[in-house]
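# got a predicted structure plus its sequence, pasted below:
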Amino acid sequence: KSKPKIDKAKMVDHDTGLQIATICTFVILIKYQYVAVKQGKSRGAAGLRAPEDSNPGKRTQNFGMKVDSSEPLIAEKEEHLQSKAIRWQRVLTNDLENLPFGLIFMWLSQLLLANVWTQIISSLVFTIARVFHTISYVRELQPHRAFCWFFAVLATL
């Protein structure tokens, strides 16, 4: 007896697309929360928070306006901390510019019952590209960051 042919394309249904979109949304949410925490910590380490956010025994917060640069090593450390804080701020800002549209398109395709394979591939590409975009941004990798951004945008089309 021969085995009946199974059409694998029909094995994936709308529920699978919904599950993938849910997982991707969760991954993006966790990534966003991680970036927000890292950004907040880096601003605190650089003294870039409001003065009222200062804690006794911790670094004085002053929006980064008052820096004792009389010693070259202190000035170099301050510059590094501020550069790191600005980098995390830009990662967060980039997420705020790009994640909403990606998530809207991901879920809109679910509501419109678009092709399931297109939904799954687009959702996975968008999520993976955005995660690697963040990693590339933090690690200062170019052109990796640009490619990740491009693929994430491409996944929303």
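Looks like it came in fine. Residues are numbered from 1 along each chain as shown.
# moving C-terminal from the lowest-mean-pLDDT helix or strand in the chain, which element do we reach first?
Sorting the helices and strands of the chain by mean pLDDT, DSSP states H and E puts helix 8-11 at the bottom, at a mean of 56. Next in sequence after helix 8-11, counting helices and strands by DSSP states H and E, comes helix 14-45.
# what are the buried residues along that next one?
17, 20-21, 24-25, 27-28, 31-32, 35, 38-40, 42-45 (16 or more other C-beta atoms under 10 Å). For glycine as for every other residue, the C-beta is placed from the backbone atoms N, C-alpha and C.
# from the chain's centre, how far out does it sit?
With C-alpha atoms, centre = their mean, to the nearest Å as the basis, helix 14-45 stands 7 Å off its chain's centre.
# averaged pLDDT, it. What do you get?
Helix 14-45 carries an average pLDDT of 91.
# other SSEs contacting it?
Using 3 or more C-beta pairs under 8 Å, 6 or more residues apart in numbering; DSSP states H and E, the elements in contact with helix 14-45 are helix 72-111, helix 116-138.
# so the first one versus helix 14-45, what angle?
Counting by axes from the mean of the first three to the mean of the last three C-alpha atoms, to 10 degrees, helix 72-111 points 160 degrees away from the direction of helix 14-45.
# okay, now the unreliable bits of the chain?
1-12, 51, 53-57, 59-75 (pLDDT under 70).
# wait, Tyr32 touches Asp95, no?
Yes - here Tyr32 reaches Asp95: they are 5.6 Å apart, a contact under C-beta atoms under 8 Å.
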